[in-house]
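> sequence unknown, structure follows:
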């Protein structure tokens, strides 16, 4: 028996020595880079080690690995800004996503995780098949455009299976929401700091040429001529940051209502984050984010009151969530106006001068109706609009393909979302888009209705509202919202989570103790 242990001991010693030698070599190389001030290579090395650690974690435990993927996805742009916008960094999240898919589907195949059967999958498959055919459209100048477009539209669809498997109980949902809202609060706080300090904060001295027009932008108020910068926080563009703020606000409000109704931990993180995100939305300088934030506030407030658990005499908890959100938002805005009146005043002036009908610089009607319709009609002046020019030819990231294959930019795109779909995939594409999006929203609304008067209703309503905004109003304004990888990832992930909620509610119908007869006599409002 002693002799049997000798090879194992020798193997362990060999591994230990090898790791020690490798560690010395890596330390020597890092020291060389530091002494020569080659921080770019050092940062790449750190990012590489982080990616390897994430990959190993994903393959060992896809749940823990998913959160590493999520953090990398949110902060990937920050690395891109400082590392010259390398292609390897741009596709880093996609490699991690592929590893998550492999690990998850291995777990589903071995029946360790439950499989999601999407009721809207047939309608999605019609649009999917059209996109697959458009990869090989003869009007496309290069197949790389097709591969890029196919990835942009469809690569993250498996995340709905991940979202469904990820949430098994209230604790899983609580962790997911608290982590995401905390990250959103951090990103929003960095955006606030950048809006106050200027775009030199969180941006390198010189951005990559293809990022320059997106990262260092300024606006001026049309009447009072006040100049202000557009923050991009950890992202490469102010537009991506603006989109993220809308999603973050909706998710935070839904999370706050769910945590209060379920009497769960994490409220001390979520409600301050709501105030931070609201202030960041005001300072971002985007009229779209500002208007979608106002719309979301009204819709979610009214919807949560409609779906509050009146029968269980727990509606006072929903009122408490609304009250806390209003108080936190009011305090945050008051502090902003008190401490930074110039930064807040320039943004408020921009919104009032361009959005109020009484203003001479009123632009709301033009930007929300005339301009999109004009862009939609421009799609029919593009070549091959009947059968399309190929998926990806007017999508985000087309400039990278053009640079890679050495051809001039195609300049086929229009800003209106349905117009872009026609340019890429032909006249039938918008009808298939409406078919699958309408089917998904119809099925999703059925889930929301079944969760009415339960603790899950606020987060279910928030997910549905985000899906509706993305698939219709935002797509009408431009397909960039759906093609934005942050939105696309969260959209499919949240869809899967939404369809898992009824099962959790059925297994644990009541987390909050049923009130006494004396409490029930007070009615739904128990402050």
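That came through, no problem. What you see is a predicted model, and the numbers here were worked out from it, not measured in a lab.

> is it true that residue 389 touches residue 140?
Yes: in this structure residue 389 lies within contact range of residue 140 using Cβ atoms under 8 Å: 6.2 Å. Where C-beta positions appear, they are placed from N, C-alpha and C, glycine not excepted.

> comparing those two, which shows the higher neighbour count?
Comparing residue 389 with residue 140 by other Cβ atoms under 10 Å, the one with more neighbours is residue 389, at 26 against 22.

> wait, is the more buried one part of a helix?
No: with DSSP: H, G, I helix; E, B strand; the rest coil as the criterion, residue 389 is coil rather than part of a helix.

> not counting its neighbours along the chain, what's nearest it?
For residue 389, ignoring the flanking residues on the chain, the nearest one in space by Cβ to Cβ, 6 or more residues apart in numbering is residue 139 at 4.7 Å.

> same check on residue 278?
Counting by Cβ to Cβ, 6+ apart, the nearest residue to residue 278 once its immediate chain neighbours are dropped is residue 329, at 4.8 Å.

> pLDDT averaged over stretch 271-287 - what is it?
Per-residue pLDDT values across stretch 271-287 average out to 94.

> on the three-state scheme, residue 114 is what?
Classification of residue 114 using three-state DSSP returns coil.

> same check on the one 5 residues further on?
The local conformation at residue 119, judged by three-state DSSP, is coil.

> the nearest residue to it once chain neighbours are set aside: helix or strand, and which one exactly?
In space, residue 119 comes closest to residue 443 once its chain neighbours are excluded; the distance is 4.8 Å by Cβ to Cβ, 6+ apart. The secondary structure element spanning residue 443 is helix 429-450 (assigned by DSSP states H and E).

> how far off helix 429-450 does the next helix or strand after that helix point, in degrees?
From helix 429-450 onward toward the C-terminus, using DSSP H and E, the following helix or strand is helix 457-469. Between the direction of helix 457-469 and that of helix 429-450, the angle (axes from the mean of the first three to the mean of the last three Cα atoms, to 10 degrees) works out to 170 degrees.

> which strands and helices sit next to helix 457-469?
Helices and strands in packing contact with helix 457-469 are listed as helix 238-262, helix 287-306, helix 429-450, helix 485-507; criterion 3 or more Cβ pairs under 8 Å, 6 or more residues apart in numbering; DSSP states H and E.

> pick the most buried one from the ones you listed.
Ranked by average neighbour count under the criterion mean count of other Cβ atoms under 10 Å, these are headed by helix 238-262 at a mean of 26.

> ok, now which ones touch the closest residue to residue 469 other than its chain neighbours?
Among residues not flanking residue 469 along the chain, residue 292 sits closest, at 6.4 Å (Cβ to Cβ, 6+ apart). Shown in contact with residue 292 (Cβ atoms under 8 Å, 6 or more residues apart in numbering): 246, 469, 473, 474.

> just the buried ones out of these, please.
Of all those considered here, the ones buried according to neighbour count by 16 or more other Cβ atoms under 10 Å are 246, 469, 473, 474.

> identify the farthest-apart pair in these.
Of all pairs drawn from those, the widest gap by Cβ to Cβ lies between 246 and 473 and measures 10.6 Å.

> so where's the protein uncertain?
Under the criterion pLDDT under 70, the flagged ranges of the chain are 1-48, 50-51, 86-89, 209-210, 213, 310-317, 511-527.

> show me where it has its strands.
Per DSSP state E, the chain carries strands over the ranges 217-220, 227-230.

> nearest to residue 162, out of those?
strand 227-230 (33.1 Å).

> any idea how far the closest one is from the chain center?
For strand 227-230, the separation from the chain centroid amounts to 24 Å (computed by Cα atoms, centre = their mean, to the nearest Å).

> stretch 270-286 too?
Going by Cα atoms, centre = their mean, where stretch 270-286 is centred and where its chain is centred differ by 16 Å.

> which residue is the nearest non-sequential neighbour of residue 161?
Distances taken as Cβ to Cβ, 6+ apart place residue 116 nearest to residue 161, at 5.0 Å, with adjacent residues excluded.

> do you know how far that neighbour is from residue 495?
When distances are taken as Cβ to Cβ, to the nearest Å, residue 116 and residue 495 turn out to be 9 Å apart.

> what touches both of those two?
By the contact definition Cβ under 8 Å, 6+ apart, residue 116 and residue 495 are jointly contacted by residue 160.

> give me the number of residues near residue 169?
Neighbours of residue 169 under the rule other Cβ under 10 Å: 12.

> could you find the closest non-adjacent residue to it?
residue 504 (6.0 Å).

> quick check: that neighbour touching residue 455?
No: counting by Cβ under 8 Å, residue 504 stays clear of residue 455, with 9.8 Å between them.

> could you check how far the residue lying closest to residue 219 once chain neighbours are set aside is from residue 220?
Nearest residue to residue 219, sequence neighbours excluded (Cβ to Cβ, 6+ apart): residue 285, at 5.6 Å. When distance is defined by Cβ to Cβ, residue 285 is 10 Å away from residue 220.

> spell out which residues are contacts of both of the two.
Common contacts of residue 285 and residue 220, defined by Cβ under 8 Å, 6+ apart, comprise residue 228.

> okay, the buried ones among the contacts of residue 292 in a markdown table with distance to residue 261 next?
Listed next are the buried ones among the contacts of residue 292 as a markdown table, based on distance: Cβ to Cβ, whole Å:
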| residue | distance to residue 261 |
| --- | --- |
| 246 | 23 |
| 469 | 23 |
| 473 | 28 |
| 474 | 28 |
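
> related to what we said a few turns ago, closest to residue 408 out of the helices and strands packed on helix 457-469?
Shortest distance between residue 408 and these, using Cβ to Cβ, is found for helix 238-262: 23.8 Å.

> show me how far the closest one is from its chain's centre.
When C-alpha coordinates are averaged (Cα atoms, centre = their mean), helix 238-262 and its chain have centres 10 Å apart.

> measure how that helix sits relative to helix 287-306, angle-wise.
Here helix 238-262 runs at 10 degrees with respect to helix 287-306, directions being taken by the same axes, to 10 degrees.

> 24 is where my numbering starts, stick with that
Sure thing, new numbering starts at 24, so read that last one as helix 261-285.

> which elements pack onto helix 261-285?
Counting contacts by 3+ Cβ pairs under 8 Å, 6+ apart, helix 261-285 packs against helix 193-220, helix 232-238, helix 290-306, helix 310-329, helix 338-362, helix 480-492, helix 508-530.

> now do the third one: which elements does it pack against?
Helix 290-306 makes packing contacts with helix 193-220, helix 261-285, helix 310-329, helix 338-362, helix 364-378 when contacts are defined by 3+ Cβ pairs under 8 Å, 6+ apart.

> go again with 10 Å.
Helices and strands touching helix 290-306, as assessed by 3 or more Cβ pairs under 10 Å, 6 or more residues apart in numbering; DSSP states H and E, comprise helix 193-220, strand 250-253, helix 261-285, helix 310-329, helix 338-362, helix 364-378.

> what about that helix, distance to the chain center?
Its chain's average C-alpha position is 16 Å from that of helix 290-306, according to Cα atoms, centre = their mean.
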